[in-house]
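**Student:** coords below, sequence missing:
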């Protein structure tokens, strides 16, 4: 049981960087007068292991027994990340000890009480309680077990069963109950509302057969507290509309040829534990129950130095309000990150389907309501993609062409939040660009037309006879803790807004063609609440005033670029949606860093009545100078539903880009060597169309046309 110790002089030649490369966690302890190092095989940011979760769960049970809390229902067991200052010091080689901690959120139903407990992990065999506190008046997220329990309660209700029978439904195995968190809760309790559907067979698409019944269940008391329904049983849509491969009636397309993504030499990345290196990038992969995928300590190697770019990045909240004001749909608004947890909604990815090529998977370990570890293989996928040209130029005078293909590293996961799939992608490019992309797919949440509504819906689109899919929004918020060449994790950074401004026609602009870039520093939280302005090509710069680019003489920076004209929240600011989803009222917020400020709508979102995040943090007009600014970037999709979105939705895409702006002294992709893909083939039919072409190649007489000689990639070989 005694951990192995190495005398300090035994490892004195090993740098912190080298230890990080092998994913070792190093803690220091004194034995007498001699300093020793304990090699644990874990980094402070590594997600909890199966053994650690089991250890924490046992400690929770012991604490509950000692304090007479009663029977426990586990909501969360997860890593408690070190304080940012401690982590930055640790990575810089500080001798300060960085211990691994875990936290748990516990419930003791039917009592409406939440216990928050923090543990110090001592290897994988013990966890010591550091602190615990009792919370009342809050609702932790609905775990996967909570969602299954809600459906069980509804189907076990005599009243629900009787109402189904009135509608001619007696086989409960063909009834699906979608569990939704309750926005604008009409009563007290730990509530879940269930939108109900009928299947014609076990694999049938239930969203083609919506019912009018919406039971509201109390999870703690395991009862149905009320049921919304039409005044009399309505006509239930009966026509199937399936996407399932076994039920699709075809015919399948027959002219689709195979495309294989192969890497005969293997991938260009290396992986040590959760540490990844690829094409000068390095970062750590994190994963938790709420945010899902997290990128830590993202840096880019420039010469012999790894320059910090982003300390931590993740998606931290979503709001999905529906636009139908009729009862009960005013309650249809999920905050998917805070209400369910993206990590909890993650399912394993499938090789050859969700990701193509040479794949690296990262597993995740979560917990269930009993405190048991739940292992999730293939939770995160990492692979490389060819994405066309990175750069190209032809010297038109002699036809010489230089071009380089662009490759990107994709780190992704997919969350199934009841009906919707959200596919989350971080993209790293060879030129230092970072992009974040969300693809929305899955199923529309359908309903019957309301009583008195029709023949067409006012707030939705008919996607089948009698099947209404309501218009809605998906509002996302990313938390970006940038570092931008700051070894202190971004402490000295500033954020500015840059607009393209047309000059007035005057003596300084006599021809009327002048424009310039107007840059405004965002110095206080009150002024750092900004809107996108595509008409002004607006971007935001995250810059380091302490580091000047030797060529431009301006601070090194990264710029934030919106992807399209992302709409803001359409609900009224004084509505409950508007008061809770304050983050979606602006595109960009900047606040001083605080370890406790993690989620823009608050720590406990479910059944909330006010924003407990950004609305509170920005009440005091704080300075952003030397404040270690954190950026909260809001973006989204306003989904005016199409018939083509059913029975399963082709992806809608949203996101943003982070691009170096004076961070480098030249194009970082210049050193990508020339190459020509020898596996590429000329389609046989192409020769029929290209023999007489001379505009950009060789004529029949083999003379070289002025526009080119077919040379590419810097080489004729």
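**Tutor:** In hand now; what should we look at? All values derive from a computational prediction rather than experimental measurement. Residues are numbered from 1 along each chain as shown.
**Student:** Surely residue 365 touches residue 49?
**Tutor:** Yes - under the contact definition of C-beta atoms under 8 Å, residue 365 touches residue 49, with a separation of 6.4 Å. In short, each C-beta sits where N, CA and C put it, glycine included.
**Student:** Show me which of these two is the more surrounded one.
**Tutor:** When neighbours are counted by other C-beta atoms under 10 Å, residue 365 comes out ahead of the other of residue 365 and residue 49, with 20 against 17.
**Student:** what packs against the helix or strand hosting that one?
**Tutor:** Per DSSP states H and E, residue 365 falls inside strand 360-367. Here strand 360-367 touches helix 50-67, strand 73-80, strand 281-288, strand 373-395, going by 3 or more C-beta pairs under 8 Å, 6 or more residues apart in numbering; DSSP states H and E.
**Student:** Same list as before, those that is, but in CSV and with mean neighbour count and distance to residue 532 included.
**Tutor:** Shown next, in CSV, are these (neighbours: other C-beta atoms under 10 Å; distance: least, C-beta to C-beta, whole Å):
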stretch, mean neighbour count, distance to residue 532
helix 50-67, 18, 41
strand 73-80, 22, 33
strand 281-288, 22, 27
strand 373-395, 16, 25
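**Student:** Using TSV, lay out those together with distance to residue 163.
**Tutor:** As requested, these are arranged in TSV below (distance: least, C-beta to C-beta, whole Å):
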stretch	distance to residue 163
helix 50-67	39
strand 73-80	29
strand 281-288	40
strand 373-395	34
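**Student:** Mind checking these for the one nearest to residue 442?
**Tutor:** strand 373-395 (17.8 Å; C-beta to C-beta).
**Student:** Helix or strand next in line after the closest one, which one?
**Tutor:** Using DSSP H and E, the next helix or strand after strand 373-395 towards the C-terminus is strand 400-417.
**Student:** Wait, a strand at residue 561?
**Tutor:** Yes - looking at residue 561 with DSSP: H, G, I helix; E, B strand; the rest coil, it is inside a strand.
**Student:** hmm, back to that, what pairs with the strand holding residue 365, parallel or antiparallel?
**Tutor:** Note on strand 360-367: by DSSP bridges, its sheet partners are strand 373-395 (antiparallel).
**Student:** tell me the mean pLDDT for the partner strand?
**Tutor:** On average, the pLDDT along strand 373-395 is 97.
**Student:** And stretch 555-574, by the same measure?
**Tutor:** Averaging pLDDT along stretch 555-574 yields 93.
**Student:** Would you mind measuring the gap between the ends of it?
**Tutor:** End-to-end distance of stretch 555-574 (C-alpha to C-alpha, to the nearest Å): 40 Å.
**Student:** Show me what counts as buried in it.
**Tutor:** Neighbour counts using 16 or more other C-beta atoms under 10 Å place 555-562, 566, 568-571 of stretch 555-574 among the buried residues.
**Student:** got it, and stretch 605-622?
**Tutor:** Buried residues in stretch 605-622, counting neighbours by 16+ other C-beta under 10 Å, are found at 605, 606, 607, 608, 611, 612, 613, 614, 615, 617, 618, 622.
**Student:** So which of those sit within helices?
**Tutor:** Using DSSP state H, the subset of these located in helices is 614, 615, 617.
**Student:** In TSV, list those along with distance to residue 292 and pLDDT.
**Tutor:** Output for these, formatted as TSV (distance: C-beta to C-beta, whole Å; pLDDT from 0 to 100):
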residue	distance to residue 292	pLDDT
614	21	98
615	25	97
617	23	98
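**Student:** Could you export those residues to a markdown table, including columns for distance to residue 180?
**Tutor:** Converted to a markdown table, these look like this (distance: C-beta to C-beta, whole Å):
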| residue | distance to residue 180 |
| --- | --- |
| 614 | 24 |
| 615 | 24 |
| 617 | 28 |
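**Student:** for these, which one is nearest residue 594?
**Tutor:** residue 617 (7.7 Å).
**Student:** looking at it, residue 189 is touching residue 218, isn't it?
**Tutor:** Yes - at 4.0 Å, residue 189 counts as touching residue 218 under the criterion of C-beta under 8 Å.
**Student:** Which neighbours do those two have in common?
**Tutor:** Shared contacts of residue 189 and residue 218 (C-beta atoms under 8 Å, 6 or more residues apart in numbering): residue 225.
**Student:** Share the number of residues neighbouring residue 230, please.
**Tutor:** Residue neighbour count, defined by other C-beta under 10 Å, stands at 14 for residue 230.
**Student:** Assess the claim that it and residue 451 are in contact.
**Tutor:** Yes - contact criterion C-beta under 8 Å: residue 230 and residue 451 qualify, at 5.4 Å.
**Student:** so what pLDDT did the residue nearest to the spatial centre of the chain get?
**Tutor:** The residue lying closest to the centre of the chain (C-alpha atoms, centre = their mean) is residue 315, at 4.1 Å. pLDDT for residue 315: 98.
**Student:** Name whatever forms a beta bridge with it.
**Tutor:** Beta-bridge pairing for residue 315 (DSSP bridges): residue 478.
**Student:** Repeat that for residue 355.
**Tutor:** In this entry, residue 355 is beta-bridged to residue 351, by DSSP bridges.
**Student:** how much space between it and residue 570?
**Tutor:** For residue 355, the distance to residue 570 (C-beta to C-beta, to the nearest Å) stands at 35 Å.
**Student:** Then residue 195?
**Tutor:** Per C-beta to C-beta, residue 195 is found 22 Å from residue 570.
**Student:** thinking again about what came up before, the residue nearest to the centre of the chain reaches residue 426, doesn't it?
**Tutor:** No - with contact defined as C-beta under 8 Å, residue 315 does not reach residue 426; the gap is 10.0 Å.
**Student:** quick one: common contacting residues for those two?
**Tutor:** The contact sets of residue 315 and residue 426 overlap at residue 436 (C-beta under 8 Å, 6+ apart).
**Student:** Return the member of the buried residues of stretch 555-574 nearest to residue 372.
**Tutor:** Comparing those against residue 372 with C-beta to C-beta places residue 569 closest, at 38.7 Å.
**Student:** before we move on, back to that, can you put the buried residues of stretch 605-622 in JSON lines and add distance to residue 342?
**Tutor:** Below are the buried residues of stretch 605-622 laid out as JSON lines (distance: C-beta to C-beta, whole Å):
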{"residue": "605", "distance to residue 342": "13"}
{"residue": "606", "distance to residue 342": "15"}
{"residue": "607", "distance to residue 342": "19"}
{"residue": "608", "distance to residue 342": "18"}
{"residue": "611", "distance to residue 342": "20"}
{"residue": "612", "distance to residue 342": "19"}
{"residue": "613", "distance to residue 342": "17"}
{"residue": "614", "distance to residue 342": "19"}
{"residue": "615", "distance to residue 342": "23"}
{"residue": "617", "distance to residue 342": "22"}
{"residue": "618", "distance to residue 342": "25"}
{"residue": "622", "distance to residue 342": "29"}
